[in-house]
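# fold the following for me, if possible:
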Amino acid sequence: MTTLRLAFSPDSDDLFMFWPLLNGRVDTGDYRFEHERVDTESLNRRALAGDLDVVAISIATYPAVAKDYLLLPHGGSVGRGYGPVVVSRDAAPLASFAGKSIAVPGEGTTAYLVLRLLLSEFRPVFLPIQPYDRVFRALRDNEVEAALLIHEGRLTYEREGFARVAELGEAWGEMTGGLPLPLGGNVIRRSLGDQVIADVSRLLREGIRYALGHRDELIPELMRAETRTDLQLDRTMLDRYLAMYANADTLDYPPDARRGVEELFLRGERAGLLPGGRGQIDWAC
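Just a heads-up that it's a prediction; the model follows:
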């Protein structure tokens with residue numbers, strides 16, 4: 001029996017794609033998976049440390065971990081005209097926040113990279129993604145003048161009383177001639193070797209395929225497993241969120257999403273925002 005260490009975020013699309021694998025819906029054969037759920041930026045740091053076998057990371061972090069990990073061809077979160085949002089107490093043009101404080105979810109997040117491509121000068125204030133309402137309290141208490149929201153927060157900001165400043169997926173599409181915005185992806189440790197990588201990749205894809213094929217069955221299970229008590233997640237919100245980030249693009253990166261990954265790294269490198277450059281994108285089988 002081979003035990004593999006797996007980590008992903010608390011957000012719903014990650015749990016959705018890994019749920020069948022971890023709950024007996026996929027026959028894992030001689031492989032056993034130990035898993036943990038931690039926030040996105042912590043996952044990025046864990047990948048930098050190289051101490052996990054399979055880890056969900058921000059796509060923007062991949063160049064920094066490419067020496068140790070391959071990018072899996074499934075498990076991606078892709079925004080097609082949507083993605084993270086910048087919000088504030090009042091609606092205003094994004095350019096008006098130049099030089100001002102903006103809460104961001106982490107230095108290695110794709111959202112932070114794209115925001116820097118769109119707005120070259122602002123003061124980032126790094127706030128943890130958990131607890132969910134921390135960033136909204138920062139806005140209400142005037143700790144920051146705007147906030148960059150990822151995960152389910154991008155669906156709830158209006159309920160919390162805030163106005164949208166910018167939709168990053170839409171802005172990215174305008175910047176790139178309509179390419180989708182690749183946000184998160186799963187990586188697998190190179191040192192596992194070709195056979196294990198191929199086996200695990202197949203199992204992960206089977207799990208995603210099962211989840212997509214049994215979506216209505218899994219949604220109640222995911223809601224019962226939800227640990228973020230302050231999120232007030234209901235079925236309508238979960239259904240909407242999964243439609244955005246757990247779909248056909250998750251089962252297999254289509255060609256335009258792969259071009260989106262390449263374009264993100266190219267633009268990040270040109271802007272001097274990727275230490276060490278963009279590197280080689282190596283896709284697992």
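
# longest strand in this structure, please.
Determined from DSSP state E, the single longest strand within the chain is strand 181-189.

# show me where the stretch 1-150 of the chain has helices.
12-22, 40-49, 62-65, 110-118, 134-140 (DSSP state H, counting those that start in this stretch).

# just checking, what packs against the last one?
Judged by 3 or more CB pairs under 8 Å, 6 or more residues apart in numbering; DSSP states H and E, helix 134-140 is in contact with strand 101-104, strand 146-149. C-beta here means a position set from N, CA and C on the backbone, and glycine is covered the same way.

# deepest-packed of those, please.
Of all those, strand 146-149 carries the top mean neighbour count, a mean of 28, counting by mean count of other CB atoms under 10 Å.

# which helices and strands does that strand pack with?
Using 3+ CB pairs under 8 Å, 6+ apart, the elements in contact with strand 146-149 are strand 85-88, strand 101-104, helix 110-118, helix 134-140.

# which residues sit against the helix or strand just after that strand?
Later in the chain than strand 146-149, the nearest helix or strand by DSSP states H and E is helix 153-156. When contacts are defined by CB atoms under 8 Å, 6 or more residues apart in numbering, helix 153-156 is touched by residues Tyr82, Gly83, Pro84, Val85, Tyr132, Val135, Phe136, Leu231, Gln232, Met237, Arg240, Tyr241.

# also stretch 60-67?
Stretch 60-67 has contacts (CB under 8 Å, 6+ apart) with 44, 47-48, 50, 57, 69, 71, 108-110, 112-113, 185, 187, 190, 261, 264-265, 268, 274-282.

# show me which of the residues you listed are buried.
With burial judged by 16 or more other CB atoms under 10 Å, the buried subset of the contacts of stretch 60-67 is 44, 47, 57, 69, 71, 108-110, 112-113, 185, 187, 190, 261, 264-265, 268, 274, 278.

# which stretches in the stretch 151-285 of the chain count as strands?
Here the stretch 151-285 of the chain has its strands, by DSSP state E, counting those that start in this stretch, at 163-167, 181-189.

# now mean pLDDT too, for these, in TSV please.
Output for the strands of the stretch 151-285 of the chain, formatted as TSV (pLDDT from 0 to 100):
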stretch	mean pLDDT
strand 163-167	97
strand 181-189	98
